[in-house]
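1. have a look at this prediction, sequence included:
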Amino acid sequence: MNAHADHPVLVIIDPQKDFCHGGALPVPGGDEIVPAVNRLSAHHDHVIVTQDWHTPGHASFASTHGRQPYETIELAYGSQVLWPDHCVQGTDGAAFCDGLDLRNAELVLRKGFRPGIDSYSAFRENDRKTPTGLGGYLRERGFTRIVFCGLAFDFCVLWSALDARAEGFAAAVVEDGCRAIDLEGSADAARREMSAAGIELVRAGP
Ligand code: VGL
Ligand code: ZN
């Protein structure tokens, strides 16, 4: 029996300055998750954090295509929402949010670093084929249950939690440890998709 079998791993998705107030792609209330995320990480034996980590001129940037942010276009691998330039490798905006305590994080997983492919999910890039390696890492370490929090609820948290289920992990999302971008009702749609996939929606409380 694996030592971790009963202990969930906390996966904190993209808690980065560009998704916070004043950042390049601010998620409304993004900064407000910091206290809840710090409490969650203090209460988990195992913590992993993901970091959106794009090349300059990344395919997910509207500016790369001479388009406006938040439009959707077709790329070789399918449809892609275009974003303001954000989380460029090595920039201050790609750094973790002020006040976050990530001392006990055991793995920092960078994603979205391939110039031509976005990666909302921590498991598989947006071509839905290229693995990040996280599934194998978690399985090899014997984890079976994942608790998610972070940014943004309706994009990277949603896609990560759905892929976690698809890879056979039990998954819960701490809603008050997340904030949503909420493009055209995407926050409500995310809630419905999570429930349908057997993802538990929980609250950490005050
Ligand atoms: C995210 C849009 C673009 C996220 C990342 O972390 O949810 N959203 N890049
Ligand atoms: Zn991104």
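-> In hand now; what should we look at? Ligands and ions are numbered 1, 2, ... in the order given.
2. and Val27, what is it in contact with?
-> 19-20, 151-152, 179-181 (CB atoms under 8 Å, 6 or more residues apart in numbering). C-beta coordinates here come from the backbone N, C-alpha and C atoms, glycine included.
3. the same query, at a cut-off of 10 Å, please.
-> Listed by CB atoms under 10 Å, 6 or more residues apart in numbering, the contact set of Val27 reads 14, 16, 18-21, 33, 150-155, 178-182.
4. one more: Trp159?
-> Going by CB under 10 Å, 6+ apart, Trp159 touches 13, 119-124, 126, 128, 190, 193.
5. of those residues, grab the buried ones for ChimeraX.
-> The ChimeraX selection below is limited to those of the contacts of Trp159 classed as buried (16 or more other CB atoms under 10 Å):
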select :13,119,120,121,122,123,124,126,190,193
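6. next step: the contacts of Trp159 restricted to strands.
-> The strands, defined by DSSP state E, take in Ile13 from the contacts of Trp159.
7. for the contacts of Trp159, give me JSON lines that also has distance to Ser63.
-> Shown next, in JSON lines, are those (distance: CB to CB, whole Å):
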{"residue": "Ile13", "distance to Ser63": "24"}
{"residue": "Ser119", "distance to Ser63": "19"}
{"residue": "Tyr120", "distance to Ser63": "19"}
{"residue": "Ser121", "distance to Ser63": "24"}
{"residue": "Ala122", "distance to Ser63": "25"}
{"residue": "Phe123", "distance to Ser63": "28"}
{"residue": "Arg124", "distance to Ser63": "26"}
{"residue": "Asn126", "distance to Ser63": "18"}
{"residue": "Arg128", "distance to Ser63": "25"}
{"residue": "Ala190", "distance to Ser63": "26"}
{"residue": "Glu193", "distance to Ser63": "29"}
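8. helices or strands next to the lengthiest strand in the chain in the packing?
-> Longest strand of the chain, by residue count under DSSP E: strand 170-179. Other helices and strands packing on strand 170-179, by 3 or more CB pairs under 10 Å, 6 or more residues apart in numbering; DSSP states H and E, are strand 9-13, helix 33-42, strand 145-151, helix 158-166, helix 186-196, strand 200-202.
9. one more time with 8 Å, if that's ok
-> Using 3 or more CB pairs under 8 Å, 6 or more residues apart in numbering; DSSP states H and E, the elements in contact with strand 170-179 are helix 33-42, strand 145-151, helix 158-166, strand 200-202.
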